[in-house]
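S.K.: What would the 3D arrangement of this be:
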Amino acid sequence: MSNIHPLGRAGRAVCTVGLTVGTLLATAVGGTATASAQKAPRLPYAGKVLTVLAPAAAAGAAAQYNAYYAAIAKQFHVQTGATVKWDLFSSSSQESSIIQTAIVSGSGPDLINYGSGFAGTFYATGDFVQYTPSDWNAVGGRSSFIQAMLAQAGPDANHDIGIPMLDVPYVIAYNKTLFAKAGITSPPTTWTQWVEDAQKIQKADPHIYGAGFDPADSFDPWKFLWSYSAQLGGGFLSPNGKKATFTSKPMEEAMDFYFAQYYKYHIVPPGSLTWDDGQMVSAFLKGQVAMLPIANESTLREAAGTPIAKDIAFAPLPNVPYGMSKRPHGGTAAESIVGTLYWGVPKYAASTMPLALQLVKASISPEVDIKMYQLAGWFPVTKSGLSLIAKKFPSTKLFLKIISESQPYGFTPAWSAIETGLGTVVNSLASHLATTGAWSQSYMDSQLATLNATVQSQLGA
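M.R.: You can find the predicted model right below:
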């Protein structure tokens, strides 16, 4: 889950969760949680324990995580008679360390949950089992899944190492009351309108800032940069995935516009150069900023009980670059990444595959799909699951549309260098801007050139 952390951000707090089928009693110790079962009818795997590596909860989300993991464990136990031992990681670096140690030692988690960006990296190691048609059939068949969510399952349909678990589509969130006060009747569809709407909001109320900004966050900035550069016809890598393109014009323009919100258009809070997602969302929930550039359905759950809980609306990200009336040739809408999480089985745990697939099956069951959406606003990955959510929750229409149009951002072994490197570049540029008080094109170019060289070294000559 290194690049996608629903219910906030895994890695900002450590949550330990214990799940007991029936009573759901917490019995966690340290960073590990064990699901123990009450007496149940004899089933094929009764008495067996499956160890699963998954993310710890973000601050304030322990109750949701407990309930979500409990729902999976309960369904798994009903199907098999087996129980779950949850090993929880608190950051992407800890997740990587656990996986590397397990692979070297040949012992560790039986099933691993990971974010789509790292699919290429994990595939390149050769240390994960490739799913067979029989394996896919055990969880309902490959064709039962939404096609877009299979994009990062493997390099092609015959070499999958991941089975989709859940999806998180991204949107903008905005405050309807602040929009109305500024005379704005609809959300922005272009980045020019984004800036203009933010300025109107600030003119209507000088105490409010038009947009949120979180350059210190580990995840939001790269999503913004990916979307904007794709709308310009670019991206992080060349279409064949063999060449890093961080020094390209689309990438430079994307980075410049991202920071221009601060240094040129002045539509974000002056102190936000050091903000992460938690601080940005907090300002939004206090009514201090009117728009969030990267949000998801869980924002509604975070807003529960706040003064603006009924003022929140969602819309697709603007999809036309600033100063343009339409996207240039080759540009795509890129309103949301394919924000899918996957299940993978390390080769050392291949013997547990039948039981692991039962847990995968439990995690995408109708019972868990509904619970997952109600708890966190995450979405199912199967056609039947999405149909179920659409039927039971008509308000999800926008998100279902976003899911159908979401765009994968590349299956590459260099993702770790890309995500970490972009975070370093954005942090450096924010720090330089805060220190000097001025934007430096040459400094940005040098930072992007360094990143480009680093990523290219991962891709090879």
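
S.K.: And stretch 266-286, what's buried?
M.R.: Neighbour-count burial for stretch 266-286 flags 266-269, 272-273, 275-281, 283-285 (criterion: 16 or more other Cβ atoms under 10 Å). In this view, the C-beta of every residue, glycine as well, is placed from N, C-alpha and C.

S.K.: Ok, stretch 360-380 next?
M.R.: Those would be 360-365, 368-380, for stretch 360-380 by 16+ other Cβ under 10 Å.

S.K.: returning to that earlier point: so of the buried residues of stretch 266-286, which ones are in helices?
M.R.: The helices, defined by DSSP state H, take in 277-281, 283-285 from the buried residues of stretch 266-286.

S.K.: Going by distance to Ile146, which of those residues wins?
M.R.: For those, the residue nearest Ile146 by Cβ to Cβ is Asp277; the value is 26.0 Å.

S.K.: pLDDT of stretch 106-116, averaged?
M.R.: For stretch 106-116, the mean per-residue pLDDT is 94.

S.K.: what does stretch 375-390 give?
M.R.: Stretch 375-390 comes out at a mean pLDDT of 96.

S.K.: who touches it?
M.R.: Identification of contacts with stretch 375-390 by Cβ atoms under 8 Å, 6 or more residues apart in numbering yields 6-7, 64, 67-68, 140, 144-146, 149, 164-169, 296-301, 340, 364, 366, 369-370, 372-373, 396-397, 399-400, 403.

S.K.: ok, of those residues, which come out buried?
M.R.: Those of those that meet the buried threshold are 6-7, 64, 67-68, 140, 145-146, 149, 164-169, 296-299, 340, 364, 369-370, 372-373, 396, 399-400, 403, by 16+ other Cβ under 10 Å.

S.K.: coming back round to it: between which two of the buried residues of stretch 266-286 is the distance greatest?
M.R.: Most distant of these, by Cβ to Cβ, are His266 and Gly278, 23.1 Å apart.

S.K.: and the spatially closest residue to Gln456 that is not a sequence neighbour, what pLDDT?
M.R.: In space, and not counting its chain neighbours, Gln456 is closest to Ala244: 4.4 Å by Cβ to Cβ, 6 or more residues apart in numbering. At Ala244, the model reports a pLDDT of 97.

S.K.: can you give me the strands in the stretch 51-200 of the chain?
M.R.: For the stretch 51-200 of the chain, the strands defined by DSSP state E, counting those that start in this stretch occupy 83-89, 111-115, 163-167, 171-175.

S.K.: now the stretch 251-400 of the chain
M.R.: Under DSSP E, counting those that start in this stretch, the stretch 251-400 of the chain gives strands at 289-295, 312-315, 340-344.

S.K.: right, and those strands - which one's nearest Pro44?
M.R.: Of all the strands of the stretch 251-400 of the chain, strand 340-344 comes closest under Cβ to Cβ, at 19.9 Å.

S.K.: what pLDDT does Thr34 get?
M.R.: You'll see Thr34 listed with a pLDDT of 46.

S.K.: Kindly report the same for the one 5 residues further on.
M.R.: For Lys39, the pLDDT comes out at 52.

S.K.: What of Arg42?
M.R.: pLDDT at Arg42 comes out at 71.

S.K.: domains for this structure, by residue range?
M.R.: With domains defined by automatic domain parsing, the chain comprises 32-168+339-405, 171-335+414-459.

S.K.: between these, which gets the lowest average pLDDT?
M.R.: Sorting the domains of the chain by mean pLDDT places domain 32-168+339-405 lowest, at a mean of 91.

S.K.: Next one: the residue lying closest to Glu367 once chain neighbours are set aside from Glu196, what distance?
M.R.: Leaving aside its sequence neighbours, Glu367 sits nearest to Gln75 (Cβ to Cβ, 6+ apart; 5.6 Å). Relative to Glu196, Gln75 is positioned 49 Å away (Cβ to Cβ, to the nearest Å).

S.K.: Mind naming the longest helix for this protein?
M.R.: From DSSP H, the single longest helix across the chain is helix 415-436.
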